[in-house]
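Chemist: 3D, please:
(2 chains)
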Number of protein chains: 2
Amino acid sequence: MSQCKPFVIGVDMGGTNTEVAVVDARGNISATASFKTNECRDFEDFIQAIEKACRRVMGEVGGPQMIAGIGIGAPNANFYTGNIENAANLPWKGVLPLGEKLSSILKVPVAVTNDANAAAIGEMTYGAARGMRDFIMITLGTGLGSGIVVNGELVYGCDGFAGELGHVRVYKDGRKCGCGRCGCLETYCSASGLARTAVEFLNTRPDESLLRNLDPNVITSKDVYDAAMQGDALSKEIFEYTGQILGEALADFVCFSAPEAIILFGGLAQAGDLLFDPVRRSMEENLLPIWKGKIALIPSSLKLSEAAVLGAAAVGWKAK
Amino acid sequence: MSQCKPFVIGVDMGGTNTEVAVVDARGNISATASFKTNECRDFEDFIQAIEKACRRVMGEVGGPQMIAGIGIGAPNANFYTGNIENAANLPWKGVLPLGEKLSSILKVPVAVTNDANAAAIGEMTYGAARGMRDFIMITLGTGLGSGIVVNGELVYGCDGFAGELGHVRVYKDGRKCGCGRCGCLETYCSASGLARTAVEFLNTRPDESLLRNLDPNVITSKDVYDAAMQGDALSKEIFEYTGQILGEALADFVCFSAPEAIILFGGLAQAGDLLFDPVRRSMEENLLPIWKGKIALIPSSLKLSEAAVLGAAAVGWKAK
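Modeler: Residues are numbered from 1 along each chain as shown, chains lettered A, B, ... in the order given. Presented below is the predicted three-dimensional model:
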């Protein structure tokens, strides 16, 4: 059937934005749409928004009869069941039957996976991880997600939820996390974690900073990046602090799967050397001697908006 | 050729003891030998000791012509190269060509793997992990080793060294570890780690304890176990402390591979409920909500001395 249906839809559902794209078999993106996840009032509202976006992009390539399947990368999505299950970074709790709902509305097969797993599949298929059999993808968005590839295969675990490295605890009595526990890596090393660090530094330290011109309630990682690029010392230190913690955690992750590379992806990874330098330094300092100088730390080679949708789209070809 | 050679030799090399066994295709052990690893003066001395032990057990089944291969589970052994490389828990540093040396002396093919990986293979082939596709084996001996199985395959990583969970850091400024860093899990949760806790508790606390009758320089985990079984409150607390830290770490490991089960193995795991109760309680307390009540924590179902040699023996069939 897929010869007759030359496209899939890839959906990258994040805590903040949802991106939708029509993709062909070679990874070319033909049409895109997006909406704010966090402006949807409830799950039903979200389903309506995703339906609308899918219909719009399908319309641009000739309608549903041109679509072989829809692949969705979403927080805590379960590849085995098609459900989103108790996602820490979404306002809608419980088990959400995303795959089933959307396929029954659109009459197109839908497959879902963890958004970070989708990014890893995208990177393995089209990006910096081509040909790698062992790597770890870290997505630095609103939260911190991860997709782990071992022996050339994604690690799903016994229940489909493997790869929740954002919820490894780095400080036992640390920051409160959306998952209900404290000290999770993503409360420090994510776009929102970095913003929390900014507020914490501004509240507890006397340093001059460009950030003091901003309302601390709405400071974003982008604000800190912009200030650091203007030479703001406190903002640079916020990136150092974030990178130090992330590097220590990555050194521990290497103990697990001894990956050839760790790939950083997502909004915060766009900060470039400002983030990569301290992460790399801290990772090297903290690695077991056998791995020092051996684990590549690299940025995604795909465009920020494309890796996740391409990975999701790749899953779409497998939807039944 | 292996039809003509009905046996393999399995070698379990630990920091303290080395166990050698002749094993047939069904996992029956025909002859065994053992010696103290830590009484060997250097690597050459160790090679002589292992040669002697192998010759003795081979003699009991008809000589080298009956042996299809030798499989060795050893600290930091590299499945890909046959070398032991910079093992933190051995006195002999650098790269030790164990596979090559032994095969040239005995004229029998030799394959090596990490001792904890060998234990995991043994458990998967003959023990509690039969039929499991995703599990983590934790070996609690002199150090803390691990063998990780994902999608039914051992995780070796890009270089053969994956699964060093004993060197995940649990306290950033914690106890000095043999690897040169501080705060590694195995400095707390291993036979030697538990003994260190005992000495630390005795030095810093006023409590009465049966352990005060012993020379603190030579207290072992067995001493603490014996005292706890006699009702000694401080000794029970030492197991609680150890179990608490191990449970927290296991909860983090679940974030990586979402295993069906975690299997505890080795001398310290013989402590039974004294260890399993606090580990299970702490792991459950610290698991992400999606995994609470779902991850089995079970003891190895193989005899302590057999799991590792059986796993090593299974590797022996693949030696070339």
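
Chemist: which residues in the stretch 101-250 of chain A form strands?
Modeler: Applying DSSP state E, counting those that start in this stretch to the stretch 101-250 of chain A gives strands spanning A:110-114, A:135-140, A:144-150, A:153-154.

Chemist: Would you mind giving those strands as TSV with mean pLDDT, mean neighbour count and distance to chain B added?
Modeler: In short, each C-beta sits where N, CA and C put it, glycine included. Below are those laid out as TSV (pLDDT from 0 to 100; neighbours: other C-beta atoms under 10 Å in any protein chain shown; distance: least, C-beta to the nearest C-beta, whole Å):
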stretch	mean pLDDT	mean neighbour count	distance to chain B
strand A:110-114	91	27	11
strand A:135-140	96	29	8
strand A:144-150	95	29	5
strand A:153-154	91	18	6
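
Chemist: At the contact with chain B, which residues of the stretch 151-300 of chain A appear?
Modeler: A:151, A:153, A:155-165, A:167-169, A:172, A:179-181, A:248, A:251-253, A:255-260, A:286, A:288-291, A:294 (C-beta under 8 Å from any C-beta of the partner chain).

Chemist: The helix or strand containing residue A:68 pairs with which strands, parallel or anti?
Modeler: For residue A:68, the host element (DSSP states H and E) is strand A:67-74. Strand pairing for strand A:67-74, using DSSP bridges, gives strand A:7-13 (parallel), strand A:110-114 (parallel).

Chemist: which residues touch the helix or strand just after it?
Modeler: Counting by DSSP H and E, the next helix or strand C-terminal to strand A:67-74 is strand A:84-85. Under the criterion C-beta atoms under 8 Å, 6 or more residues apart in numbering or on different chains, residues A:74-78, A:90, A:92, A:94-96, A:98, A:112, A:161, B:290 lie in contact with strand A:84-85.

Chemist: ok, and the most crowded of the residues you listed?
Modeler: residue A:112 (32 neighbours; other C-beta atoms under 10 Å in any protein chain shown).

Chemist: Just the buried ones from the residues of the stretch 151-300 of chain A next to chain B?
Modeler: A:151, A:155-165, A:167-169, A:179, A:181, A:248, A:251-253, A:255-260, A:286, A:288, A:290-291 (16 or more other C-beta atoms under 10 Å in any protein chain shown).

Chemist: Looking at those residues, which are in helices?
Modeler: Taking DSSP state H, the ones among these that sit in helices are A:248, A:251, A:252, A:253, A:255, A:256, A:257, A:286.

Chemist: before we move on, the earlier item: how about the contacts of strand A:84-85, which pair is most distant?
Modeler: A:92 and A:161 (17.4 Å; C-beta to C-beta).

Chemist: In space, what's closest to the residue of the stretch 101-250 of chain A found nearest chain B - neighbours in sequence excluded?
Modeler: Scanning the stretch 101-250 of chain A for the residue nearest chain B gives residue A:157, at 2.4 Å (criterion: C-beta to the nearest C-beta). Distances taken as C-beta to C-beta, 6 or more residues apart in numbering or on different chains put residue B:258 closest to residue A:157, at 2.4 Å, once the chain neighbours are dropped.

Chemist: about what we covered before: who are the contact partners of the residue of the stretch 101-250 of chain A closest to chain B?
Modeler: Counted by C-beta under 8 Å, 6+ apart, residue A:157 has contacts A:163, B:134, B:150, B:257, B:258, B:259.

Chemist: Pop out the phi and psi values for the first one.
Modeler: Geometry field for residue A:163 lists phi and psi as phi 80, psi 40, criterion degrees, to the nearest 10.

Chemist: My read is that it contacts residue A:147, right?
Modeler: Yes - with contact defined as C-beta atoms under 8 Å, residue A:163 reaches residue A:147; the gap is 5.6 Å.

Chemist: which residues do the two both contact?
Modeler: With C-beta under 8 Å, 6+ apart as the test, residue A:163 and residue A:147 both reach A:114, A:116, A:117, A:154.

Chemist: Which strand residues bridge the most centrally placed residue in chain A?
Modeler: Centroid-nearest residue in chain A, with C-alpha atoms, centre = their mean: residue A:139, separated by 3.8 Å. Beta-bridge pairing of residue A:139 under DSSP bridges involves residue A:145, residue A:265.

Chemist: wait, it sits on residue A:145?
Modeler: Yes - counting by C-beta under 8 Å, residue A:139 touches residue A:145, with 4.1 Å between them.

Chemist: got any residues that touch both of the two?
Modeler: Residues touching both residue A:139 and residue A:145 (C-beta under 8 Å, 6+ apart): A:115, A:116, A:119, A:266.

Chemist: Just the ones of the residues you listed in helices?
Modeler: A:115, A:116, A:119.

Chemist: Now for the residue of chain A positioned farthest from its centre: which residues touch it?
Modeler: Ranked by distance from the centre of chain A (C-alpha atoms, centre = their mean), the top residue is residue A:206, with 34.1 Å. Contact criterion C-beta under 8 Å, 6+ apart gives no residues in contact with residue A:206.

Chemist: what does the model give residue A:305 for pLDDT?
Modeler: Note on residue A:305: pLDDT of 69.

Chemist: residue contacts, the closest residue to residue A:268 other than its chain neighbours?
Modeler: Nearest non-adjacent residue to residue A:268, counting by C-beta to C-beta, 6+ apart: residue A:140, 3.7 Å away. Residue A:140 sits next to A:189, A:190, A:191, A:264, A:265, A:266, A:267, A:268, A:269 when contact means C-beta under 8 Å, 6+ apart.

Chemist: Apart from its neighbours in sequence, what residue is nearest the third one?
Modeler: Spatial nearest neighbour of residue A:191, chain neighbours left out: residue A:221 (4.1 Å); criterion: C-beta to C-beta, 6+ apart.

Chemist: got it, and the last one?
Modeler: Once flanking residues are discounted, residue A:269 sits nearest to residue A:140: 5.2 Å by C-beta to C-beta, 6+ apart.

Chemist: Please apply the same query to the first one.
Modeler: What sits nearest to residue A:189 in space, not counting adjacent residues and going by C-beta to C-beta, 6+ apart, is residue A:246, at 4.2 Å.

Chemist: who's in contact with that neighbour?
Modeler: Counting by C-beta under 8 Å, 6+ apart, residue A:246 has contacts A:138, A:185, A:188, A:189, A:275, A:279, A:282.

Chemist: neighbours of residue A:293, just the number please.
Modeler: For residue A:293, the neighbour count with other C-beta under 10 Å is 7.

Chemist: Hmm, residue A:284 and it touching each other?
Modeler: Yes - if you go by C-beta under 8 Å, residue A:293 and residue A:284 touch, sitting 7.1 Å apart.

Chemist: wait, doesn't residue A:316 sit right on residue A:12?
Modeler: No - the criterion here is C-beta under 8 Å, and residue A:316 misses it with residue A:12 at 11.8 Å.

Chemist: Spell out, range by range, the helices that occur in the stretch 201-320 of chain A.
Modeler: Assignment of helices within the stretch 201-320 of chain A using DSSP state H, counting those that start in this stretch yields the ranges A:221-229, A:233-257, A:273-286, A:304-316.
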